[in-house]
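Asker: Any chance you can model this:
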Amino acid sequence: MWRITVLGSVNVVESVRLDEDDRRLLHALQLDGRASFARIATVLGMSERAVSRRYHRLRSRLALRVVGVTRHDQRAQEDWFLRIAAPPASVDAVARMLAVRADTSWIASLAGSGGLSCILRTPVPTGDGGNALEQFRRGANVGTVTAQRLLAPVAGVGGWPGRLQALTASEREALASTAPERHARSASSAGAPRSDGDERLLGLLAADGRTSVARLAGASDIPESTVRRRIGELVNRGVLMFEVEVDPKLYGRHIDVLCWLDVQPAALRAVANGLSSHSEVAFASTTTGTSNVLAFLEFAATEELYEYLADRVGALPGVHRVQTELVSRWVKRAGPLLIPRT
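Answerer: So this is what the prediction gives:
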């Protein structure tokens, strides 16, 4: 059994070091979070037992988790990036309040301002006074809340590029070729309504994206054949994707940075293309607000931040202004925080 628990930090890694085969396993899971150990073993040239042992070692030490991430329905939902100013004495309490909410992700404690940031998913306003963002502002009981609407992701949607370099092109192709058949998405099916059963499945997969079909069926009261079919359909429609949560420190990246870029509109596509090729960029999206691009960056040391801004961002066209903020710790990442029930 598992229970949701708010930790002081999600960077809980008990004396774990990644070797090359660990990195290859993590790369394979990012490509297909529900791939069987047997399938991964065949592609990686390892035994199924060795793959299973590596996965469970990393999982048991909170160094790895596969979570099911639900992409927002643009017609019914909005994703907002929030910066929250709270008195120092109440920051931890506000972080706990945010972390237990099902509509929040990527909650960070900020070193420079001393505040918090997070991503909040809200329903699209209905026009009858039901504005979830304003309700959050009134109900959160915090100081100033600055909100930017996330418009279009431009980097990091398929996983941080820094951990997608362990497999060869032939291994990536082999993993894709042995995947269960997936059909092309259509624009109409991507926004199709989800049933109550779908929502139950998505909630269970958010906690553990590798939960077996048998356990999913038992917990959701849905036949196994239906569970298997619905997961495939949700993935095909672009509703469900799988994210590997792993501490970047295991890859030698000890510095987490939030970066805002003020970009000339005519240069937005060029900047987006540039960021998508940068291994330092874990995620980036265009936004509303005084800056129009937000990026999450990962570095081994602060000196690399200077070099990145001066050389790589400096070479991008149309960037007028850059603002950065160091992350002191992540309170929550993509999925809920779980520890074994004792």
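Asker: In contact with G114, which residues?
Answerer: 88, 91 (C-beta atoms under 8 Å, 6 or more residues apart in numbering). For every residue, glycine as well, the C-beta is placed using N, CA and C.
Asker: Could you rerun that using 6 Å?
Answerer: Taking C-beta atoms under 6 Å, 6 or more residues apart in numbering, we find G114 in contact with P88.
Asker: same thing with L18?
Answerer: By C-beta under 6 Å, 6+ apart, L18 lies in contact with L250.
Asker: Now do the phi/psi pair for it.
Answerer: Here is the backbone geometry of L18 (degrees, to the nearest 10): phi -90, psi 130.
Asker: mind listing the strands in the stretch 51-200 of the chain by residue range?
Answerer: 65-70, 77-84, 104-110, 116-123, 145-155 (DSSP state E, counting those that start in this stretch).
Asker: can I get the ones you listed in TSV with mean neighbour count and mean pLDDT?
Answerer: Converted to TSV, those look like this (neighbours: other C-beta atoms under 10 Å; pLDDT from 0 to 100):
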stretch	mean neighbour count	mean pLDDT
strand 65-70	22	90
strand 77-84	20	93
strand 104-110	21	94
strand 116-123	20	93
strand 145-155	18	93
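Asker: Go through these and name the closest to D21.
Answerer: Ranking the strands of the stretch 51-200 of the chain by proximity to D21 (C-beta to C-beta) places strand 65-70 first, at 17.5 Å.
Asker: Neighbours of the nearest residue to S90 once chain neighbours are set aside, how many?
Answerer: In this structure, S90 finds its nearest non-sequential neighbour in V142, 7.5 Å apart by C-beta to C-beta, 6 or more residues apart in numbering. By other C-beta atoms under 10 Å, the residues close to V142 number 21.
Asker: From what I see, V142 and A93 are in contact.
Answerer: No: between V142 and A93 there is no contact under C-beta atoms under 6 Å: 9.5 Å.
Asker: so which of the strands of the stretch 51-200 of the chain comes closest to G197?
Answerer: Among those, strand 65-70 comes nearest to G197, with 14.2 Å by C-beta to C-beta.
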